[in-house]
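Participant: Structure for the following, please:
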Amino acid sequence: MNLSKIQRLFLYNQYLILEKLYPEDAKLYSMFRKVLNDGYTLEYSTMFQIFDEEMTEEECKEVYDILDMYHALYNSFDRLPDKSLIDKDKIHFDGFDGNNESEQRSYALFLIYDLGKYEKLRDVKNKYDSLNSHSWRLDKYRTMLSVWKSIPIENRYELNAQQIQEILKAPYPKKS
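Facilitator: Residues are numbered from 1 along each chain as shown. Next up is the predicted model:
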């Protein structure tokens, strides 16, 4: 990674400000300033280790789609005149695997808890403990999404019992 002298100066000043604002982290910020000041390019990456890998727009949209689908399932179930045909526990949003789908889980937590979207999908447990399915879910959600998206868009948010059942019964893909 290469940084111009101007970029180094901006970051240096930012770390100087952070050092004063957060004395408990002053040693770390001071080290970052030394790295920038002395131009230790091999060490630049240490300043960025706190950042997660970026999610692509496509990955973000997929999480939105999954949450939209569950939102539609919850609301449609609530509007059904006869709920006995569907086990309410089956429409529960399990979240994503905290170990293998952590980016999706973090983004879902952000959308639900920080932005206040999809309130019905909130888990009653502690925010940081919730939406962890403890098992791979993304492939299952993708098959469910394909069924949900096959329904005409004008009907996707007002599903009948049969459509809800079809989405919930989407086959779990086998890992190869």
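
Participant: give me phi/psi at Phe96?
Facilitator: phi -130, psi 160 (degrees, to the nearest 10).

Participant: and the longest helix seen in the chain, average pLDDT?
Facilitator: Ranked by number of residues, the top helix in the chain under DSSP state H is helix 57-79. Across helix 57-79, the average pLDDT comes to 96.

Participant: can I get the CA coordinates of stretch 143-156 in PDB?
Facilitator: What follows is stretch 143-156 as a C-alpha-only set of coordinates in PDB (Å, rounded to 0.1, in the frame of the first residue of the first chain):
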ATOM      1  CA  THR A 143     -33.500 -21.200  -2.600                       C
ATOM      2  CA  MET A 144     -36.300 -19.600  -0.600                       C
ATOM      3  CA  LEU A 145     -35.700 -16.300  -2.400                       C
ATOM      4  CA  SER A 146     -35.900 -18.000  -5.800                       C
ATOM      5  CA  VAL A 147     -39.400 -19.300  -4.900                       C
ATOM      6  CA  TRP A 148     -40.400 -15.900  -3.400                       C
ATOM      7  CA  LYS A 149     -39.100 -14.000  -6.500                       C
ATOM      8  CA  SER A 150     -41.100 -16.400  -8.800                       C
ATOM      9  CA  ILE A 151     -44.300 -14.900  -7.400                       C
ATOM     10  CA  PRO A 152     -45.400 -11.800  -9.300                       C
ATOM     11  CA  ILE A 153     -44.100  -8.700  -7.500                       C
ATOM     12  CA  GLU A 154     -47.600  -7.300  -6.900                       C
ATOM     13  CA  ASN A 155     -48.300 -10.400  -4.700                       C
ATOM     14  CA  ARG A 156     -45.000 -10.900  -2.900                       C
END
